[in-house]
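Chemist: Model the structure of this input:
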Amino acid sequence: MRVRGRGLPEEAEVELWVVDGRISTEPVAGADTVFDGGWILPGLVDAHCHIGLGKHGEIPLDEAIAQAEIERGAGALLLRDCGSPTDTRSLDDRADLPRIIRAGRHLARPKRYIAGFAVELEDESQLPAAVAAEAGRGGGWIKLVGDWIDRGSGDLAPLWSDGVLKAAIDAAHENGARVTAHVFSEDALPGLINAGIDCIEHGTGLTDDNIALMLERGTALVPTLINLENFPGIADAATRYPTYAAHMRDLYARGYQRIAAAREAGVPVYAGTDAGGMVAHGRIGDEVEALTRIGMSPTEALGAACWQARRWLGRPGLGHGAPADLLCYSQDPRLGPDVLAAPELVILRGNVFRAGVDAAAGRASRPARE
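Modeler: Next up, the predicted model:
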């Protein structure tokens, strides 16, 4: 196949050929032109989603497949799965589904995360061994629950001591995995960052001191901004814990400001939706739009869900020999989520799909393979 259009961020002409599931920048005789004009991008990246996670935890594999199909329809062809109880490794053999970079299961303490989601460790001293075990599953990432409500104190509180975190993150790095953590509030951040964590998820409680620490340590941030809209509802449901509810409302009120401060300071920020629990799949376009509300230009926000995110995750873009995972748009994909989430063509592993997504509602049609 042959495709031609304009690329980003340079806006230069792009002409590519697809041969045996790979991109060629050199002409191939006899290729069929399937797209000519418009815009061409590498497949989008949802850097925080959950394929294989439902509202109550583990789901049947066919439901996980349907989640992945929705992401494909929205143009998200590379997914960093930030914790799922369902074993989805068999999906790697599917040529019609996005590529998944896994973090295994969440690691938490008993009654310190959503029931059914995590591996719950009775003693925090078990964390380094649990991290090494998850790293051995070959996903490339580990997901810690950094803070959650402590019902004894009635507020958000860290799950792990600083020394255990250092040992666990060292164990992950020794086993070739990077580590990220769910963190809503302020108190858990210094211990995680000082321990050498690679990424923070959410980060709504970032202080100026913690932002400076992230810059010093090279820590990335995936803020999942569209999930921030769930904070008021979480607070409303926490009538038994008024301190926690007030804290969640305060984090909501300051969330965009704190993420904007991190981005302005130079912390690397990438797009992730947190789809799979309280957030519907297929909403990467909405997350890209949300990133413009922290000061990103439309091009920068798109890069955080595309070429920059791929570079961060060590995955190629549109270079010669790269896997043929790309999107073709008749309109400029920076025009908004309705355009970004509805590419004219989705080319995944060299296979062509036509896609359509109702981005505002998070509902996706099932693309028909050609």
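Chemist: now the helices for this protein?
Modeler: 61-73, 127-135, 162-174, 189-194, 208-217, 225-228, 231-237, 242-265, 284-291, 298-303, 307-312, 337-340 (DSSP state H).
Chemist: And the contacts of the second one?
Modeler: Read it as helix 127-135. The contact list for helix 127-135 (C-beta atoms under 8 Å, 6 or more residues apart in numbering) reads 103-105, 107, 119, 121, 142, 144, 160, 164-165, 167-172, 174-177, 179. No exception for glycine: its C-beta is placed from N, CA and C like everyone else's.
Chemist: Throw together a ChimeraX command that grabs the buried residues out of those.
Modeler: Selection of buried members from the contacts of helix 127-135 for ChimeraX, criterion 16 or more other C-beta atoms under 10 Å:
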select :103,104,105,107,119,121,142,144,160,164,165,167,168,169,171,172,177,179
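Chemist: I'd like to know how far the closest residue to Asp147 other than its chain neighbours sits from Val352.
Modeler: Excluding the flanking residues, the one nearest Asp147 by C-beta to C-beta, 6 or more residues apart in numbering is Ala188, at 4.0 Å. To Val352, Ala188 is 45 Å away according to C-beta to C-beta, to the nearest Å.
Chemist: quick revisit: surely the residue nearest to Asp147 meets Leu165?
Modeler: No - at 9.1 Å, Ala188 and Leu165 do not qualify as touching, with contact defined as C-beta atoms under 8 Å.
Chemist: what pLDDT does the closest residue to Gly266 other than its chain neighbours get?
Modeler: Distance criterion C-beta to C-beta, 6+ apart; nearest residue to Gly266, sequence neighbours excluded, is Leu215 at 5.9 Å. On pLDDT, Leu215 comes in at 98.
Chemist: if I look at Gly317, how far off is Ser297?
Modeler: 19 Å.
Chemist: more crowded one of those two?
Modeler: A direct count of neighbours by other C-beta atoms under 10 Å for Gly317 and Ser297 places Gly317 higher, at 17 against 12.
Chemist: Would you mind measuring from the closest residue to that one other than its chain neighbours to Asp208?
Modeler: In this structure, Gly317 finds its nearest non-sequential neighbour in Pro42, 4.2 Å apart by C-beta to C-beta, 6+ apart. Distance, Pro42 to Asp208, by C-beta to C-beta: 34 Å.
Chemist: With Asn351 instead?
Modeler: Taken as C-beta to C-beta, the span from Asn351 to Asp208 is 47 Å.
Chemist: neighbour-wise, which of the two wins?
Modeler: Taking other C-beta under 10 Å, Asn351 and Asp208 do not tie; Asn351 has more neighbours (15 against 11).
Chemist: beta partners for the more buried one?
Modeler: Judged by DSSP bridges, the bridge partners of Asn351 are Leu348.
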